[in-house]
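Engineer: Here is my input; please provide its structure:
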Amino acid sequence: MIHSLLSEVKDNYSKVFIVGFSVGATIAWLCSNHESINGVVGYYGSRIRDYLDLVPPCPTLLFFPQEEKSFDVDSLITILEGKSINTYKFNGLHGFSNPFSSNYHLESSRKAYAIMNEFLKNH
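Structural biologist: Down below sits the predicted model:
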């Protein structure tokens, strides 16, 4: 579905970036090899760990919380950095950038947003 949407909109924009949160970050990761994508930003995409055979051909920025219940964040970051993926780890838990989450962490959210803005400007 996302690939179809990307094909529809690609001619309307000079650049297309996908920004995803949680499962949306994993979807963005999986769509990163689409010809229309110029970049990917993912927040706490824990299932990316299931698709490490994929190496995005576009600039990719991933944000992770300090810890996740289901996997070792540091190990995943080490693997991703070996693939030249830009990764950051922030204080807080899954949902640290969601102001409607009980895990919201204002400082981490602001820092991640600033890094994302810079990433988007530079690409």
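Engineer: where do the strands sit along the chain?
Structural biologist: For the chain, the strands defined by DSSP state E cover 17-21, 39-43, 60-65, 86-90.
Engineer: Centre-most residue in this structure?
Structural biologist: In the chain, the C-alpha nearest the mean C-alpha coordinate belongs to residue 42, at 1.2 Å (Cα atoms, centre = their mean).
Engineer: neighbours around the closest residue to it other than its chain neighbours, how many?
Structural biologist: Closest residue to residue 42 apart from its sequence neighbours, by Cβ to Cβ, 6 or more residues apart in numbering: residue 25 at 3.0 Å. All C-beta spots, glycine's among them, are computed from the backbone N, C-alpha and C. Taking other Cβ atoms under 10 Å as the neighbour definition, residue 25 ends up with a count of 24.
Engineer: Looks like residue 45 contacts residue 20 (just checking).
Structural biologist: Yes. The criterion here is Cβ atoms under 8 Å, and residue 45 meets it with residue 20 at 6.7 Å.
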